[in-house]
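In: fold the following.
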Amino acid sequence: MSALIGILIGVLVLVRVIGRQVTGSLVTPRSLALMPAVLLGVGLLSLASVIHTATPGELGFLALESVVLIALGLARGASIRLTPTDAGPFQKGTAATLVLWLVTIAFRVGTTFAAAALWPHNTFGQASIALTVGLTIGAQSAMVYRRALAMNVPLAAQRA
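Out: Have a look, this model is predicted:
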């Protein structure tokens, strides 16, 4: 996957995810699992083709980056306002959620440039984009799910 296509896909995913959080939506099993699952799958497939070229430094960098992105995802999930409704929990991002998204994006862009400066001739960093975005969105979804369960309100049914 070329860098430009990867960036465009990342932007589209983030616009969709952030847009839904700004406008709000019902918490459904699909809304929690689909996007992270797709991104993690694409990310693992992308990494599988270049993992043999990765240096120990790149693997350590990816691990550290992943830990920070998971923490930011958990923080975003904790910042989302959940409201019980007859149809199920309703989630809506807050100002803190938006700030945490901006921090997440800035961190990811910064690590992309840092990795390119440290390892200029390797494609490992580009291949990890979908994986790391999937990790942070997955962590956010896991936190929203945990909080929704604590409300004792069943998740919303998926609309046809």
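
In: can you check the pLDDT for the residue nearest to the spatial centre of the chain?
Out: Among the residues of the chain, the one closest to the centroid is Ile137, at 2.5 Å (CA atoms, centre = their mean). What the model reports as pLDDT for Ile137 is 94.

In: ok, how many other residues are close to the closest residue to Pro29 other than its chain neighbours?
Out: Spatial nearest neighbour of Pro29, excluding adjacent residues (CB to CB, 6 or more residues apart in numbering): Leu155 at 5.7 Å. C-beta: built from backbone N, CA, C; applies to glycine. Look at Leu155: counted by other CB atoms under 10 Å, it has 18 neighbours.

In: quick one: Leu155 and Pro89 touch, right?
Out: Yes: with contact defined as CB atoms under 8 Å, Leu155 counts as touching Pro89 (6.8 Å).

In: please identify the buried residues of stretch 122-140?
Out: 122, 124-140 (16 or more other CB atoms under 10 Å).

In: again, but for stretch 11-23
Out: By neighbour count on 16+ other CB under 10 Å, the buried set for stretch 11-23 is Val13, Leu14, Val17, Ile18, Gln21.
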